[in-house]
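Asker: Below is the sequence, then the predicted model.
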Amino acid sequence: MRILFVSDHAYLPQRVGGTKSSTHELCLSLRERGHKVGVLCHPGPRRDALWLYHRVARRAFGPERPVADHVLGYPVWRRYDLDGRTLRLVAARLRAEAVVVQAERASPLIAAALETGLAVFVYLRDVELHKLAAPPPRDSRIRYIANSGFTAGRYREVFGIDPIVLPPLMRPERYRCTPDRRFVTFVNPVPVKGSDIAFALAAARPDLDFLFVAGWPVDAAEDDARQERARRLGNVTWQPSVQDMRRVYSRTRLLLAPSRWEEAWGRVASEAQMSGIPVLASDRGGLPEAVGPGGLLVPHDAPVEAWTAALSAMLDDPARYAAFSRAAAEHAARPEIVPDRLIARLEDVLAAHVAAWPRSDAAGRPARPAALPAAAPAART
């Protein structure tokens with residue numbers, strides 16, 4: 001099968017993040033099973049070597065001949081013009097049989113994907129419904145997939161669609177390590193991820209070492225301010241973002257995920273648990289699914305005293321910490337997120353929808369059945 005993943009974000013290695021890592025590991029696993037994959041994405045604002053390569057290639061060959069890079073082991077097209085024309089060109093280049101849209105502002109890309117006449121999948125990886133320009137269409141050419149029961153439930157409730165649930169794919173060999181258990185680690189120190197809680201915990205427990213790992217890009221002034229705050233505390237080590245997260249987890253005793261945002265899953269929780277690292281997280285979104293028995297949950301709006309008490313309960317009793325560590329490792333090995341099972345399930349979903357969808361009519365035109373009526377969105381509160 002030939003599958004094109006499409007996103008309106010920049011992609012690895014130019015930008016890191018949960019969706020990017022999940023897509024990359026899907027692509028690697030699908031390739032290993034004999035499928036052809038490619039990614040079409042935004043080039044991002046960073047003017048690095050990849051940005052220059054694509055800019056030169058566009059000038060040399062023109063917009064009608066898309067040029068990919070292969071730095072990740074499969075073709076990645078990085079284009080500013082993410083419209084129907086570009087998607088058709090890239091899909092033809094890959095000879096794609098299916099398009100998988102996973103975007104923050106999905107509506108334009110879904111419309112562009114439908115123009116290809118190919119079977120379309122929409123992988124729902126967040127619940128930022130206020131960013132949607134229109135309700136997700138109910139169309140027989142689209143199969144919806146959600147990364148958690150929480151995400152599927154939200155789209156079912158608001159839009160009346162019923163996604164298949166496939167949690168993020170994580171290849172254990174990319175995360176599993178033997179931690180030295182030194183740090184309480186917090187990844188992506190931005191406000192919506194609960195940076196205020198993490199800083200407050202570091203201040204409340206000067207006897208513990210904390211590791212803050214940069215994630216999403218922020219402006220220079222904000223970055224300087226948060227790093228200065230970390231320096232003043234004295235027990236916070238600042239780590240730039242890394243692609244190999246074993247460099248982080250190998251030094252981690254406990255992972256913090258105090259998000260105020262409705263996480264669709266909470267990928268870092270599952271990554272950490274693969275090495276028996278327990279998680280202290282908020283109860284937002286899909287985090288309860290990701291954390292399970294391998295950690296503790298605190299209400300996202302609880303006072304910092306509740307977080308401090310939970311942190312102490314997990315770390316100050318060695319026997320209890322060991323029990324959490326064992327539970328984390330067992331939870332990370334549950335059948336629902338075993339990579340081979342996830343990939344086999346995804347293959348079944350892709351193959352069934354592609355086989356059921358005729359690419360063209362007798363005249364060779366893209367087949368276009370009448371779209372089903374869009375579900376009326378429920379009131380958003």
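Answerer: Cool, the structure landed.
Asker: Would you map the strands across this structure?
Answerer: 2-6, 36-41, 76-78, 98-101, 119-124, 142-146, 164-165, 183-187, 209-213, 236-239, 252-257, 279-282, 295-298 (DSSP state E).
Asker: Just send those back as a markdown table, with mean pLDDT, mean neighbour count and distance to Arg229 too.
Answerer: For the C-beta atoms, the positions are set from N, CA and C on the backbone; glycine is no exception. Rendered in a markdown table, the data for those read as follows (pLDDT from 0 to 100; neighbours: other CB atoms under 10 Å; distance: least, CB to CB, whole Å):
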| stretch | mean pLDDT | mean neighbour count | distance to Arg229 |
| --- | --- | --- | --- |
| strand 2-6 | 97 | 24 | 37 |
| strand 36-41 | 97 | 23 | 33 |
| strand 76-78 | 96 | 25 | 35 |
| strand 98-101 | 96 | 25 | 38 |
| strand 119-124 | 95 | 25 | 35 |
| strand 142-146 | 96 | 22 | 36 |
| strand 164-165 | 96 | 16 | 39 |
| strand 183-187 | 98 | 26 | 13 |
| strand 209-213 | 98 | 21 | 10 |
| strand 236-239 | 96 | 18 | 8 |
| strand 252-257 | 98 | 26 | 16 |
| strand 279-282 | 98 | 26 | 20 |
| strand 295-298 | 98 | 21 | 22 |
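Asker: will you turn the ones you listed into TSV that also has distance to Ala306?
Answerer: Formatted as TSV, the strands of the chain follow (distance: least, CB to CB, whole Å):
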stretch	distance to Ala306
strand 2-6	40
strand 36-41	40
strand 76-78	44
strand 98-101	39
strand 119-124	31
strand 142-146	30
strand 164-165	31
strand 183-187	16
strand 209-213	18
strand 236-239	21
strand 252-257	14
strand 279-282	11
strand 295-298	6
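Asker: Compare those and give me the one nearest Arg58.
Answerer: The closest approach between Arg58 and any of the strands of the chain, judged by CB to CB, belongs to strand 76-78 at 9.7 Å.
Asker: Which neighbouring elements make contact with that closest one?
Answerer: Contacting strand 76-78 under the criterion 3 or more CB pairs under 8 Å, 6 or more residues apart in numbering; DSSP states H and E are the following elements: strand 36-41, helix 49-61.
Asker: Any idea how far that strand is from the middle of the chain?
Answerer: The chain centroid and the centroid of strand 76-78 are separated by 18 Å under CA atoms, centre = their mean, to the nearest Å.
Asker: repeat for stretch 184-204
Answerer: Using CA atoms, centre = their mean, the offset of stretch 184-204 from its chain centre is 20 Å.
Asker: could I get that stretch in CSV with only the CA atoms?
Answerer: Listed in CSV are the C-alpha atoms of stretch 184-204, where the atom choice follows Å, rounded to 0.1, in the frame of the first residue of the first chain:
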residue,chain,number,x,y,z
VAL,A,184,12.0,14.8,38.3
THR,A,185,11.5,15.6,34.6
PHE,A,186,9.1,18.0,33.0
VAL,A,187,8.9,18.1,29.2
ASN,A,188,7.8,21.2,27.3
PRO,A,189,7.8,23.9,30.0
VAL,A,190,5.0,26.2,28.7
PRO,A,191,2.0,27.5,30.6
VAL,A,192,-0.6,25.2,29.1
LYS,A,193,1.5,22.2,30.0
GLY,A,194,1.5,23.4,33.6
SER,A,195,4.9,25.1,33.8
ASP,A,196,3.7,27.1,36.8
ILE,A,197,3.0,23.9,38.7
ALA,A,198,6.4,22.5,37.8
PHE,A,199,8.2,25.6,38.9
ALA,A,200,6.2,25.6,42.2
LEU,A,201,7.1,22.0,42.9
ALA,A,202,10.8,22.7,42.3
ALA,A,203,10.6,25.6,44.8
ALA,A,204,8.7,23.5,47.3
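Asker: which of the residues in it are buried?
Answerer: Buried residues in stretch 184-204, counted by 16 or more other CB atoms under 10 Å: 184-190, 193-195, 197-203.
Asker: cool, and stretch 172-181?
Answerer: Quick answer for stretch 172-181 (16+ other CB under 10 Å): 174-177, 179.
Asker: Now Gln14: closest residue in space that isn't a chain neighbour?
Answerer: Counting by CB to CB, 6 or more residues apart in numbering, the nearest residue to Gln14 once its immediate chain neighbours are dropped is Gly44, at 4.7 Å.
Asker: That neighbour and Val16 touch, don't they?
Answerer: No: taking contacts as CB atoms under 8 Å, Gly44 lies outside contact range of Val16: 11.3 Å.
Asker: For those two, indicate the residue with more neighbours.
Answerer: Residue environment comparison for Gly44 versus Val16 gives the larger neighbour count to Val16, 20 against 17, counting by other CB atoms under 10 Å.
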